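Chemist: Fold the following.
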Amino acid sequence: MTPPPSARHPLGADRTPEPTAEPTRSARAHSFNAAAAQYAANRPSYPPALFDAIEDLTVRPLSGARVADIGAGTGIATALLHARGANVIAVEPGDGMAAQFRRALPGIPVIRGTGDDLPLTDASVDLVTYAQAWHWTDPARAVPEALRVLRPGGALALWWNTDALDVPWIAEAAARTERHFGIDVSAEKRNVNARAADPTGLLDFTRRTVRWSRCVPVDTHLANIGSHSVFLVHGAEHAAPFLAEEREHLLRTFPDGVVEEVYEVVLLLAEAPA
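Modeler: The predicted structure follows:
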């Protein structure tokens, strides 16, 4: 999916520098397909408290709900929604990501499509979700599409894993990334807001933040950050030297080779008119 020209998306939301014409947004959006296995194996999941927050805000359980997970990728969020008892259908535009999804979740349907033109019937789902994917849509098209497929009183939930930049080692790593790739990592949370998510003003978003962490081997951490589009589109020649230096920094901070990644999931949820 292609993000709108006005959108600015930092590393955690797979953003690359806006002032640069190359690589194209299309290249960034499709870069994950060649790295789908790396993405599936190393990207962080989402904490149970996120789904608790969705149930709290919608005042209904996920169990039994009809959910469309858009931009489902390799199925990280889809699997968690399914585990909560939701009846999930996934929508994914990419060949590589959809193939990885089918290998991981053969029992859950995945259909090809984008958030700008959903391959779903009117008023057919209770909840539309975008896990780490809304920024690849054009909100001017994606918002009306979400409202079209939602049943009256249904909800649209968007969320992103964002780096906890108040953690010193994470802030230092972000600064190194900014210098090497010329991106503004700290802009991430500034750009995860209702105005950026819905410039049309049709939706009234509520925002929740859930802090969580995971401990992973340094190789997993490096493979995780290397699966973001800013690394993928610049290629190994540009990314590999950075990742090699980053390994040295990490091992000084985590001499046992286990990295504690700390995240804040930013959730935006809006209900459709009843």
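
Chemist: Taking the centroid of the protein, which residue is nearest it?
Modeler: Central residue of the chain (CA atoms, centre = their mean): Q132, 1.1 Å from the mean position.

Chemist: pretty sure that one is touching W159, no?
Modeler: Yes - applying CB atoms under 8 Å, one finds Q132 in contact with W159, separated by 7.4 Å. Quick note: C-beta positions are derived from backbone N, CA and C, even for glycine.

Chemist: On the three-state scheme, the nearest residue to the residue nearest to the centre of the chain once chain neighbours are set aside is what?
Modeler: Closest residue to Q132 apart from its sequence neighbours, by CB to CB, 6 or more residues apart in numbering: W160 at 5.6 Å. Classification of W160 using DSSP: H, G, I helix; E, B strand; the rest coil returns strand.

Chemist: Can we start the residue count at 49 from this point?
Modeler: All right, first residue 49 from here; so that's W208.

Chemist: Run through the bridge partners of W208.
Modeler: Taking DSSP bridges as the rule, W208 bridges to V314.

Chemist: Thought E312 was touching it, still the case?
Modeler: No - with contact defined as CB under 8 Å, W208 does not count as touching E312 (9.0 Å).

Chemist: out of those two, which sits in the busier spot?
Modeler: Neighbour totals were compared for W208 and E312, and W208 leads with 25 against 19 (other CB atoms under 10 Å).

Chemist: how much space is there between that one and P157?
Modeler: Distance check for W208 against P157: by CB to CB, to the nearest Å, it reads 25 Å.

Chemist: how about low-confidence regions in the protein?
Modeler: Along the chain, segments meeting pLDDT under 70 span 49-84, 233-238, 277-278, 280-284.

Chemist: The protein: helices as residue ranges?
Modeler: Ranges of helices within the chain are 73-78, 84-90, 96-106, 124-131, 143-152, 187-197, 216-229, 235-239, 242-245, 266-274, 277-301, based on DSSP state H.

Chemist: Out of those, flag the one nearest T169.
Modeler: With CB to CB as the measure, helix 187-197 is the member of these nearest T169 (7.1 Å).

Chemist: Which elements pack onto that closest one?
Modeler: strand 173-179, strand 198-211 (3 or more CB pairs under 8 Å, 6 or more residues apart in numbering; DSSP states H and E).
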